[in-house]
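[1] could you look at this predicted model? Sequence included:
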Amino acid sequence: MATPMAIPTATAVVARHYKDFLTPAFHRRFTAAILPVLFACWAVAACISLGSGTSFFWSIFPLFSWCGLRTLALVLPCLCIFIVRIMNMHVGRRTSESQFGGFVQALIGGHDRSGTVLATLLWYSLSAWLVTEIFVWSLPSKSNLGWIDPGREYERPRVNENPLYLRTMLSMAAVMFTAKHLYNDDDLVELTDQDEDEKWTTSLRWLAEYAVAIFMHALSSSLVFLVFGTVIYFLTLRHSLWPGVSTLAHWLNRHLVPDRGPPGLANVGRLAFQTVAALTSLISLWDASNLMFSSCISYPPIKKGHPLTDQIVDAHGNIISRSRDPNGSLVRGLDAKRNVTRAFAFWELYLICNRENKIFEDRRKTLFQDPDRKPSSTWAQISSLCLAEISGISSRIKCYQESISPKPAPEVINAPPPPSLPKIASRPTIEDKDVFLHRTSRPNAVGSLARQLGQSHGSPTLLATGASRALAWTGNHTSETLTKTHLTQSIQTQLQAILASPIGAPFRKTFSSRLKAIIFNTPYSDRETITHAVKSLTALTLVSIAEDEYGQVAPTIPAIINTLTDVVFGIKQLEATLEPHWSDVFFSPAAREVEEVGMLRAMVQGELGRIVEKFEPFAGALGLGEGQMGRAREAVEL
């Protein structure tokens, strides 16, 4: 039986990277996933062999037969999907304000994910091409899928359109499933609570449970795609692809009938059946590959019943897994930048702190036993990394509140006017009129005004003309304003109707998605990592009374209590004050209760309550005032 070797505490040893432990574990899980996929490839190869007219025995017997060769060949398309999953793998669901925004985010990617979409499309296309060629190669010549149609004895050979149609349909399926893969975030690795090591038998059992569901999904998708794909082929792709195919065929065979355009599909019924069979085989392999990868890669970070970073020796003293500084490697994993590495490191820390068996208990005690580690003790580094992960919630809430708060207007300083030149004379001006202007007597001016107002009956006066112009301008302006208001209201009504329909669902910025993006971080949720950080920190704090021989934990307890308290109050305040977006047409007050956020808040409250209950008698000695403890108790009771 494997037993753990004593964990060294020397600080001169350079700790290995956490990924040096995680990568071999992923290799073992990759093997555990590929073996069940091999059975799926055998099932598809057997079905293809049965359709090719081979005897039943040799159609299903995998050794020394064409069925076995096809099985090995069909593994290659599955490996293409595994490469996509490894390339895009991440922990935590994609968080964005809307589904369409998350899809665009996946298409654009960041500086570390440049070319992801193109690479995913290329690997899916290569997988589809391999399945197509294996499928065509497996069928007899009478299936009419060759590029050259020999025709009858008295006819000249001509280019066959059937293989172009089949290959185009499977290529379009690759494009469609690439978009589906990115939209549904199929690269997600969900961390589960399963307590099993890497076993291919477990994966095979899962494949058997989901085999019927995989086949039914593949068959229904193939039938739907047969209809819509055929329409797309004849409307857009057929005439675009045919010149190249025809040129290549005439270059290979000089005796072909001169090209007059696509000749049309031959034996349409048989071709439709062949297309559905090929699509069903392809989609089944894709679904099986994705299922096996997701289920096997999410095993806990455990090796032979020990934490992943442990140094393990067998009963004869042979080293199974070498690790000179397990805690140092774990700390490097907690501080990793990559999402997957950090998530699995926090998961391992959680297992070390919460597993109730001797192996994990001995490892947990070592977290308090090296106070001389550089740059700081193991406890100091672990606690600071856990607190940084937890306090990230409060930081994101604060950043959001600052972004929506009105910014103060810049203060304008009125400078005093510059001193003016002294006036020549201080006496006021007697009269400013032009001295050369001819003066008109007041009686004459009054008479002139009277003549203007008393013109012939019915003629428009100056006052009437000005009033009519003012009324006309007012009417036009009011009509224009009413027209703009009506147009705006009409547009808003149409937008709300679209957003309320299934078409507008991907564009709605719902309250729950916006709240989770703030609480759990973007572009991927850190919910699992935060949960493991809170529970690990709480477990270490509670056992420190018995296991912390150097008193390292006591000075950190006020920071732990204050951080958890701030997180509880911050989440509660954001749930109550976050304003719904105008596109959230189905928002109601009940929508403020988001299940995932509520579960996280309840978990933090529970862990905070355990710490407060344990250390409240020592609050004064720990430097915790009555106000801090009262605020913590209030957070627990919210």
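    Noted; the coordinates are in hand. Numbers count the residues shown, from 1 in each chain.
[2] hmm, residue 380 is touching residue 552, no?
    Yes: with contact defined as CB atoms under 8 Å, residue 380 and residue 552 form a contacting pair (6.8 Å). In this view, the C-beta of every residue, glycine as well, is placed from N, C-alpha and C.
[3] after the helix-or-strand element of the chain with minimal mean pLDDT comes which helix or strand?
    Least confident helix or strand of the chain, by mean pLDDT, DSSP states H and E, is strand 3-4 with a mean of 46. Per DSSP states H and E, strand 3-4 leads on to helix 19-51 as the next helix or strand towards the C-terminus.
[4] flag every buried residue along the following helix or strand past that following helix.
    Scanning forward in sequence from helix 19-51 by DSSP H and E, the next helix or strand is helix 56-60. Of the residues in helix 56-60, 59-60 count as buried by neighbour count, 16 or more other CB atoms under 10 Å.
[5] check stretch 228-240 too.
    Neighbour-count burial for stretch 228-240 [16+ other CB under 10 Å]: 229-230, 233, 237-238.
[6] and what of stretch 400-409?
    Of the residues in stretch 400-409, those buried (16+ other CB under 10 Å) are residue 400.
[7] got a list of what residue 247 touches?
    Listed by CB atoms under 8 Å, 6 or more residues apart in numbering, the contact set of residue 247 is empty.
[8] before we move on, back to that, nearest to residue 614 among the buried residues of stretch 228-240?
    residue 229 (63.5 Å; CB to CB).
[9] what's the separation between that closest one and residue 222?
    Look at residue 229 and residue 222: by CB to CB, to the nearest Å, they are 10 Å apart.
[10] got the buried residues of stretch 228-240 as a markdown table, with pLDDT, secondary structure and distance to residue 582 columns?
    Shown next, in a markdown table, are the buried residues of stretch 228-240 (pLDDT from 0 to 100; DSSP: H, G, I helix; E, B strand; the rest coil; distance: CB to CB, whole Å):
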| residue | pLDDT | secondary structure | distance to residue 582 |
| --- | --- | --- | --- |
| 229 | 95 | helix | 38 |
| 230 | 96 | helix | 41 |
| 233 | 95 | helix | 41 |
| 237 | 92 | helix | 40 |
| 238 | 91 | helix | 44 |
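[11] ok, the nearest residue to residue 284 once chain neighbours are set aside - contacts?
    Distances taken as CB to CB, 6 or more residues apart in numbering put residue 218 closest to residue 284, at 4.3 Å, once the chain neighbours are dropped. Applying CB under 8 Å, 6+ apart, one finds that residue 218 lies in contact with 279-284, 287.
[12] go again with 7 Å.
    When contacts are counted by CB atoms under 7 Å, 6 or more residues apart in numbering, residue 218 touches 280, 283-284, 287.
[13] mind checking which helix or strand it is in?
    helix 200-232.
[14] filter the contacts of residue 218 down to just the ones in helices.
    If you go by DSSP state H, the contacts of residue 218 have 280, 283-284, 287 in helices.
[15] what domains does the record give for the chain?
    12-299, 306-403+510-637 (automatic domain parsing).
[16] with distance to residue 491 added, can I get these in JSON lines?
    Shown next, in JSON lines, are the domains of the chain (distance: least, CB to CB, whole Å):
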{"stretch": "domain 12-299", "distance to residue 491": "20"}
{"stretch": "domain 306-403+510-637", "distance to residue 491": "12"}
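[17] which one of those domains lies closest to residue 486?
    domain 306-403+510-637 (19.0 Å).
[18] now find how far off-centre that closest one is within its chain.
    Remark: domain 306-403+510-637 is offset 23 Å from the chain centroid, using CA atoms, centre = their mean, to the nearest Å.
[19] equivalent analysis for stretch 35-51, please.
    Here the centre of stretch 35-51 is set off from its chain's centre by 33 Å, with CA atoms, centre = their mean.
[20] phi, psi for the residue positioned nearest the centre of the chain please.
    Centroid-nearest residue in the chain, with CA atoms, centre = their mean: residue 94, separated by 2.4 Å. Dihedral pair for residue 94: phi -70, psi 130, per degrees, to the nearest 10.
[21] buried stuff in stretch 218-227?
    Neighbour-count burial for stretch 218-227 [16+ other CB under 10 Å]: 218-219, 221-222, 225-226.
[22] and the strands in the chain?
    3-4, 90-91, 148-149, 158-159, 188-189, 302-303, 306-307, 312-313, 319-321 (DSSP state E).
[23] so which of those strands comes closest to residue 594?
    Closest to residue 594 of those is strand 188-189 (CB to CB; 19.3 Å).
[24] output the contacting helices and strands for that closest one.
    Contacts defined by 3 or more CB pairs under 7 Å, 6 or more residues apart in numbering; DSSP states H and E place strand 188-189 against strand 90-91.
[25] need the residues that contact the strand it packs on.
    Here strand 90-91 makes contact (CB under 7 Å, 6+ apart) with 187-189, 191, 339-340, 343, 524, 528.
[26] just give me the neighbour total for residue 136.
    18 (other CB atoms under 10 Å).
[27] any idea of the pLDDT on it?
    As predicted, residue 136 sits at a pLDDT of 92.
[28] same deal with residue 361?
    So, for residue 361, pLDDT stands at 91.
[29] can you give me the end-to-end span of stretch 362-381?
    Distance between the two ends of stretch 362-381: 19 Å, counting by CA to CA, to the nearest Å.
[30] could I get the buried residue list for it?
    363-364, 366-371, 373, 377-381.
[31] now those residues in JSON lines, with distance to residue 577?
    Shown next, in JSON lines, are the buried residues of stretch 362-381 (distance: CB to CB, whole Å):
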{"residue": "363", "distance to residue 577": "43"}
{"residue": "364", "distance to residue 577": "40"}
{"residue": "366", "distance to residue 577": "44"}
{"residue": "367", "distance to residue 577": "39"}
{"residue": "368", "distance to residue 577": "41"}
{"residue": "369", "distance to residue 577": "45"}
{"residue": "370", "distance to residue 577": "45"}
{"residue": "371", "distance to residue 577": "43"}
{"residue": "373", "distance to residue 577": "43"}
{"residue": "377", "distance to residue 577": "40"}
{"residue": "378", "distance to residue 577": "40"}
{"residue": "379", "distance to residue 577": "37"}
{"residue": "380", "distance to residue 577": "36"}
{"residue": "381", "distance to residue 577": "36"}
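[32] which one of those residues is nearest to residue 127?
    For these, the nearest to residue 127 is residue 363 (42.2 Å; CB to CB).
[33] which residues touch the closest residue to residue 567 other than its chain neighbours?
    Leaving aside its sequence neighbours, residue 567 sits nearest to residue 393 (CB to CB, 6+ apart; 5.1 Å). Neighbour list for residue 393: 519, 567, 570-571 [criterion: CB under 7 Å, 6+ apart].
[34] go on, residue 609?
    residue 636.
[35] separation between it and residue 22?
    34 Å.
[36] any weak-confidence spans in the stretch 451-600 of the chain?
    451-484 (pLDDT under 70).
[37] which residues of it fall in helices?
    Assigned by DSSP state H, counting those that start in this stretch, the helices in the stretch 451-600 of the chain fall at 462-500, 511-520, 527-547, 557-577, 595-615.
[38] tell me the bridge partners for residue 189.
    residue 91 (DSSP bridges).
[39] burial of it, as a residue count?
    19.
[40] surely it touches residue 295?
    No: using CB atoms under 7 Å, residue 189 is not in contact with residue 295, being 10.1 Å away.
[41] hang on, the earlier thing: from the ones in helices among the contacts of residue 218, pick the one nearest residue 620.
    Out of these, the member with the shortest distance to residue 620 (by CB to CB) is residue 287, at 61.1 Å.
[42] the nearest residue in space to the closest one that is not next to it in sequence: what's it in contact with?
    In this structure, residue 287 finds its nearest non-sequential neighbour in residue 214, 4.6 Å apart by CB to CB, 6+ apart. Neighbouring residues of residue 214 by CB under 7 Å, 6+ apart: 284, 287-288.
[43] distance of residue 214 relative to residue 370?
    Counting by CB to CB, the gap from residue 214 to residue 370 is 50 Å.
[44] how about residue 79?
    43 Å.
[45] again, but for residue 584
    According to CB to CB, residue 584 and residue 370 sit 51 Å apart.
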